[in-house]
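J.: Okay, sequence plus prediction incoming.
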Amino acid sequence: MLPPGRYVLEIDDRSTIHNFHLAARRAGVDVATDVAGTAERTTIVRLQDGEAYIYACDAHPARMNVTFSIHGRIRTRT
């Protein structure tokens, strides 16, 4: 789990058959590189509490994807 807050993404996309795409509908996050090109870029995103985010390759979304959520409280078991 990740806590909510500002995160710096350093993207180094070296592939011309895959891309980097991070998105969340409610939070308005939509950061992507081009599938056909390569790119290096740095961007800042604000990840919000209770929001679900998806990281995927737009060329292969069924097999290359991860969903994660943000939680303000991290619970530990004792």
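T.: All right, it came through fine. Numbering: from 1, shown residues only.
J.: Now stretch 35-48 - C-alpha only, CSV.
T.: Taking C-alpha atoms only, stretch 35-48 is exported to CSV below (Å, rounded to 0.1, in the frame of the first residue of the first chain):
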residue,chain,number,x,y,z
VAL,A,35,3.7,3.2,-27.7
ALA,A,36,5.7,3.7,-30.9
GLY,A,37,8.4,6.0,-29.4
THR,A,38,10.8,6.2,-26.5
ALA,A,39,10.9,8.9,-23.8
GLU,A,40,12.5,10.1,-20.7
ARG,A,41,10.5,12.4,-18.5
THR,A,42,9.9,13.4,-14.9
THR,A,43,6.4,14.3,-13.7
ILE,A,44,4.7,14.8,-10.4
VAL,A,45,1.4,13.1,-9.5
ARG,A,46,-0.7,13.5,-6.4
LEU,A,47,-2.1,10.1,-5.3
GLN,A,48,-5.3,10.5,-3.4
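J.: how about the nearest residue to residue 42, chain neighbours excluded?
T.: Closest residue to residue 42 apart from its sequence neighbours, by C-beta to C-beta, 6 or more residues apart in numbering: residue 10 at 5.2 Å. Yep, even glycine has a C-beta here, placed from its N, CA and C like the rest.
J.: Over to residue 24?
T.: If you skip the residues right next to it in sequence, residue 24 has residue 53 as its closest partner in space, 4.5 Å away by C-beta to C-beta, 6+ apart.
J.: Check residue 50 too.
T.: When the adjacent residues along the chain are set aside, residue 50 lies closest to residue 70, with 6.8 Å between them (C-beta to C-beta, 6+ apart).
J.: ok, what's across the strand from that neighbour?
T.: Beta bridges link residue 70 to residue 2, judged by DSSP bridges.
J.: now stretch 69-78: mean pLDDT?
T.: Averaged over stretch 69-78, pLDDT sits at 66.
J.: buried residues in stretch 37-57?
T.: Burial within stretch 37-57, assessed by neighbour count using 16 or more other C-beta atoms under 10 Å, is assigned to 45, 47-48, 51, 53, 56-57.
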